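Participant: Predicted model and sequence below, questions to follow.
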Amino acid sequence: MKVPLSYGRGHLEVEFPADRTTVIQPAPAPALADERAAVMASLDKPIGAAPLHDWLKPNARIVILFTDITRATPNDRLIPWLLEYLRDAGVAREQITLINQLGTHRPNTSEELEHLLTPEVTRDYRVLNHEPENTDALIQLGVTADGTPALLNRQFVQADVRVVTGFIEPHFFAGFSGGPKGIMPGVAGLRTVMSNHGARHIADPQAAFGITEGNPIWEEMRDIALRAGPSFLLNVSLDHERRITGVFAGDLIAAHKVGCEFVRASAMQRFETPFDIVVTTNSGYPLDQNLYQAVKGMSAGGRVLKRGGTIIIAAECSEGVPAGSPFDRILKSGTNLEAILESIERPGPPRAEQWQAQIQALIQRRANVLLYSSLPDDQVRAAHIKPCHDIAAAVQQEVGSRQNGTRIAVLPQGPLTIPYLAPS
């Protein structure tokens, strides 16, 4: 049987043995017939909040947060519709600032911002990249659980109206994306993010796909986000073609909760027994642009893998690891992942992006991981992963090395589908 795996801006057609392969995909949710109408209606009939129109006072300073180039949010549709709504409500362009939710990611270029938001939006409105390391651009709102200053974007906090946009999908340690995550870590200070993503939180069993309440990472994100004051949420759910399947607008927490349950019903699937081999992806572009993000696909596949099993992940990694990034430096700081994990778990101040290396190490502690990508083999090996040049051949080799009854799972859309094992 041939299965198309999401990869870059296209697909890989891979042959799998039909008698032992289970293909795991999201349960279909129909795309909305009229996306724009659904978005506009949600702004006037939100969940748990007054209509957005009622938030708008004369001369109000409005800040809109939008997701960066690594996310699949249809910003090029959502943001123009939102701006149209504000314009029809009498809001002048000069009152509006759009800020890119970079978290700890690199700033997006002017060309990338045009691609994200449309050239018209970047021409007519003030568009900024968040600056997580610029102390002048941040304001403190209390402290995190370990006493680190809780820093958020100053312009966002001081705005009269705060609008947070994005999309909801299962997240490998924050439970779900969207909601308060658009604020923290979206426009938080680097020190604050590193505290929240510290080794103890990452190792907590509740810091996992699909869990918000009881998840120490998500709960702290929520608490810090709420310190900024009321924010109006505009989140959507998507299918694999980036078509909108649901709109969740209104109160930051209440609307997000409704959206999470909608996505859970589609994305999370239960299995009784684990698999020997899991082939996964990182959902294709834009999420598979680098190896840092590809840890999410590994994590999704690892949830239903037998201990000692094999994960094969297809992620294009067109931007590399990226080379020279904090993640890259951490991976190169030790001769093996156990040494790196030991250094991460050692008491002391956290390092940027150590959480991704920690999760990768924990996955590889119990699984053999192969990567099919555009990266040179030496870069893959430097990241402590085995390169793969032929997924079908690698699967056949793994099957041949195991006893009869080898079971294979395939996640063509990677972490857009989250399988999980029934409690023992």
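Facilitator: Received, thanks. Everything numeric in this text was worked out from a predicted model, so none of it was measured.

Participant: which stretches of the stretch 51-200 of the chain form helices?
Facilitator: 52-55, 75-88, 110-117, 119-124, 154-158, 190-196, 199-203 (DSSP state H, counting those that start in this stretch).

Participant: actually the stretch 201-350 of the chain, not the one I wrote
Facilitator: So, for the stretch 201-350 of the chain - with DSSP H, counting those that start in this stretch - the helices run 216-226, 254-267, 291-302, 326-331, 337-345.

Participant: Indicate which one of the ones you listed is closest to A89.
Facilitator: helix 254-267 (19.6 Å; CB to CB). The way it works is simple: take the backbone N, C-alpha and C, and place the C-beta from them, glycine included.

Participant: Dump the helices of the stretch 51-200 of the chain to TSV, plus mean pLDDT, mean neighbour count and distance to P326.
Facilitator: Formatted as TSV, the helices of the stretch 51-200 of the chain follow (pLDDT from 0 to 100; neighbours: other CB atoms under 10 Å; distance: least, CB to CB, whole Å):
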stretch	mean pLDDT	mean neighbour count	distance to P326
helix 52-55	98	16	37
helix 75-88	98	18	26
helix 110-117	97	18	21
helix 119-124	98	14	28
helix 154-158	98	19	24
helix 190-196	95	23	10
helix 199-203	93	19	15
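
Participant: thought P107 was touching V127?
Facilitator: No. The criterion here is CB atoms under 8 Å, and P107 misses it with V127 at 11.5 Å.

Participant: Spit out the residues that contact these two alike.
Facilitator: Residues touching both P107 and V127 (CB atoms under 8 Å, 6 or more residues apart in numbering) are N100.

Participant: Compare these two (neighbour count), which wins?
Facilitator: V127 (22 against 15; other CB atoms under 10 Å).

Participant: contacting residues around A383?
Facilitator: A383 makes contact with L291, V321, D328, L331 under the criterion CB under 8 Å, 6+ apart.

Participant: Phi and psi next, for G189.
Facilitator: phi -70, psi 150 (degrees, to the nearest 10).

Participant: Count the residues that sit near it.
Facilitator: 27.

Participant: Kindly report the same for K45.
Facilitator: Counted with other CB under 10 Å, K45 comes out at 10.

Participant: So what's the predicted local confidence for it?
Facilitator: Note on K45: pLDDT of 98.

Participant: where's P51 relative to I253, distance?
Facilitator: According to CB to CB, to the nearest Å, P51 stands 18 Å off from I253.

Participant: any weak-confidence spans in the chain?
Facilitator: The model of the chain has pLDDT under 70 over residues 424.

Participant: do that again at 90, thanks
Facilitator: 26-29, 70, 240-241, 345-352, 402-405, 416, 422-424 (pLDDT under 90).

Participant: any idea how it splits into domains?
Facilitator: 2-26+272-421, 35-266 (automatic domain parsing).
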